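> coordinates for the following, if possible.
(one chain, ligands or ions: 1)
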Amino acid sequence: MASARDRLTLPCMARRHIIVFASLWILALAAPAADTPRGVWVKAKCALCHGIDGSGQTKAGRQVAAPDLRTPEIAKMTDKALEKSIAGGHKRMPAFQKQVTAANVRVLVQYIRSLTPSPSARRP
Ligand code: HEC
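As a prediction, this is how the structure comes out:
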């Protein structure tokens, strides 16, 4: 026979489940990983060749000789020039204008910028 304690805790546990599921649902809505710059980078397959850190040190990256995107040469390029390379391709780098929206190309440029240390942070 159920004790008074069981009768009290069961509805309590049900309520806790509702709270847990509701919070997970809110979290899922609030933080869609694919919409972060890093998420766009991974989803667009940039990480496949360039790595999550932009170093180009992945299996595919080494095969196509993907450059390190954290260099001063890339830092010197304008946003427009980077957008052009990403959308239209550049030498062995494939064009992405069909897979990635113009807005996301700009997000990807910002992601590349975030990987590059700022000149003041760089050691001489
Ligand atoms: C198939 C492998 C591959 C994939 C996938 C790839 N890249 Fe590249 N990427 C390269 C290679 C190889 C180069 C060097 C091309 C060259 O010599 O200019 C490059 C160069 C670049 C450059 C420098 C271009 C320049 O003008 O110097 C940028 C910026 C870049 N990639 C961004 C991206 C972004 C953003 C994505 C995802 C949308 C991406 N790449 C996906 C292989 C890849």
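> following whatever helix or strand Ala14 lives in, which helix or strand comes up?
According to DSSP states H and E, Ala14 maps onto helix 4-30. As assigned by DSSP H and E, the chain's next helix or strand after helix 4-30 is helix 37-43.
> so for that next one, mean pLDDT?
For helix 37-43, the mean pLDDT works out to 96.
> let me know whether it sits next to the ligand.
No. Applying C-beta under 6 Å from any ligand atom, one finds helix 37-43 separated from the ligand by no less than 6.8 Å. All C-beta spots, glycine's among them, are computed from the backbone N, C-alpha and C.
> now for that helix, which elements pack on it?
Counting contacts by 3 or more C-beta pairs under 8 Å, 6 or more residues apart in numbering; DSSP states H and E, helix 37-43 packs against helix 102-115.
> buried set for the helix it packs on?
104-109, 111-112, 115 (16 or more other C-beta atoms under 10 Å).
> helices or strands up against that helix?
Counting contacts by 3+ C-beta pairs under 8 Å, 6+ apart, helix 102-115 is packed against helix 37-43, helix 79-88.
> CA atoms only for that helix, dumped as CSV, please.
Output of helix 102-115 as CSV, limited to C-alpha atoms (Å, rounded to 0.1, in the frame of the first residue of the first chain):
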residue,chain,number,x,y,z
ALA,A,102,25.5,36.4,-48.5
ALA,A,103,24.7,37.1,-44.9
ASN,A,104,26.4,34.0,-43.7
VAL,A,105,29.4,34.7,-45.9
ARG,A,106,29.8,37.9,-43.8
VAL,A,107,29.4,35.8,-40.7
LEU,A,108,32.2,33.5,-41.9
VAL,A,109,34.5,36.5,-42.5
GLN,A,110,33.8,37.6,-38.9
TYR,A,111,34.6,34.1,-37.7
ILE,A,112,38.0,34.2,-39.6
ARG,A,113,38.7,37.6,-38.0
SER,A,114,37.9,36.1,-34.6
LEU,A,115,40.6,33.4,-35.1
